[in-house]
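**Q** Sequence first, predicted coordinates after that:
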Amino acid sequence: MPYAIRFHRTGGPDVLRWEETALAEPADHEARIRHQAIGLNFIDIYHRSGLYPVPLPSGLGLEGAGIVEAVGSAVTGLQPGDRVAYAGGSLGAYAEVRNIPADRLVKLPDAIAFETAAAMMLKGLTAQYLLRRTYRVQAGDTVLIHAAAGGVGLILCQWAKALGATVIGTVGTDEKAALARAHGCDHAIVYGREDFAARVREITGGRGVPVVYDSVGKDTFFGSLDCLRPLGLMVSYGNASGPVPPFELLELSKRGSLFLTRPTLASYAAERGDLLQMAGELFEVVTTGKVRIEVKQTYALRDAALAHADLAARKTTGSTVFTVY
């Protein structure tokens, strides 16, 4: 029987278990995929820790790439042997083999390796909707991207730069600042040493930016609001430092009638047509070289606990994948 990472209680990385699992034949609208690579994302920590509650016991992980082994009777457009990738849906990517609704799978271009796909699907589709739909970045815009050296951050920096934007990013160390600059970040702010809101105002001549992409949460939220120009958009899409505490909506009006959104990939990719369009744009910027996906760390799937500990300790940069072969 195949193995998978599962957890029976919430907590630290030590709750993760490498377990043998039974797997039924695919249901009518499902496909069975044998993973070649699996993505590690910060949201995995939220699920494991209980910040985002899930029914227990549970699998873990939302992103993977592999080969179709079997399809259900109602599945069209996929067949055994197809190279596929996915992001989102139900938890369970941390597995050697799994069944998944076929309409969540997209065929993988031959030019994109499994490891690259596993490193980019969740992060890349997130970057796509953030830059092209939540706020449609245009040439000449100046944007602020927090955690610019992280997995989503490096993709956002490159893609925004390719769109003609000036990119301001925040990072934790000088090493991460150099990494962000190498991936399109024009101004890298080391937030432990600089007041990022004051620095953004200085860079923009006091005007502020039209949009902030904030995956950090509690520690940066109010500073991010201070970076926005009037009528600017605050995009809060993560909680790496903890959830944003309750606040008075009047804070938005006091700072210039600001807009605030808390988007999710699940909402933007709920319709298959949207998913295919988003994936198509992502594959295009990657295969043309506008966005480079760099796997900075690789772990064996059975070592998921170590990978989680390293991610939480901010020891990782860029994208991390698990291998299962």
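**A** Yes, it's here.
**Q** for the stretch 151-300 of the chain, what spans make up the helices?
**A** 151-162, 174-181, 196-203, 221-227, 250-254, 265-268, 272-287 (DSSP state H, counting those that start in this stretch).
**Q** Next one: E175 from P210, what distance?
**A** 29 Å (CB to CB, to the nearest Å). (Glycine included, C-beta is placed from N, CA and C.)
**Q** Give me the more crowded residue out of those two.
**A** Counted by other CB atoms under 10 Å, E175 and P210 do not tie: P210 has more neighbours, with 20 against 12.
**Q** what residues are up against that one?
**A** With contact taken as CB atoms under 8 Å, 6 or more residues apart in numbering, P210 is in contact with 135, 141-143, 228-229, 232-233.
**Q** rewinding a little: just put the helices of the stretch 151-300 of the chain in JSON lines and tack on distance to S215 and mean pLDDT.
**A** Below are those laid out as JSON lines (distance: least, CB to CB, whole Å; pLDDT from 0 to 100):
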{"stretch": "helix 151-162", "distance to S215": "6", "mean pLDDT": "95"}
{"stretch": "helix 174-181", "distance to S215": "14", "mean pLDDT": "95"}
{"stretch": "helix 196-203", "distance to S215": "14", "mean pLDDT": "97"}
{"stretch": "helix 221-227", "distance to S215": "11", "mean pLDDT": "96"}
{"stretch": "helix 250-254", "distance to S215": "20", "mean pLDDT": "95"}
{"stretch": "helix 265-268", "distance to S215": "13", "mean pLDDT": "95"}
{"stretch": "helix 272-287", "distance to S215": "18", "mean pLDDT": "97"}
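**Q** Pick the most deeply packed of those helices.
**A** Of all the helices of the stretch 151-300 of the chain, helix 151-162 has the most neighbours on average by mean count of other CB atoms under 10 Å, namely a mean of 27.
**Q** Tell me if V321 really is in a strand.
**A** Yes: V321: assigned to a strand according to DSSP: H, G, I helix; E, B strand; the rest coil.
**Q** so who does it touch?
**A** V321 neighbours (CB under 8 Å, 6+ apart): 37-40, 115, 118-119, 295, 297-299.
**Q** Between these, which sits nearest F221?
**A** Distance ranking of the contacts of V321 against F221, using CB to CB, places L40 first at 24.7 Å.
**Q** how does the chain divide up, domain by domain?
**A** 3-121+269-323, 139-262 (automatic domain parsing).
**Q** As CSV, those domains with distance to A127 would be great.
**A** Output for the domains of the chain, formatted as CSV (distance: least, CB to CB, whole Å):
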stretch, distance to A127
domain 3-121+269-323, 8
domain 139-262, 4
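**Q** quick one on the thing from earlier: right, so of the helices of the stretch 151-300 of the chain, which gets closest to I67?
**A** helix 272-287 (17.6 Å).
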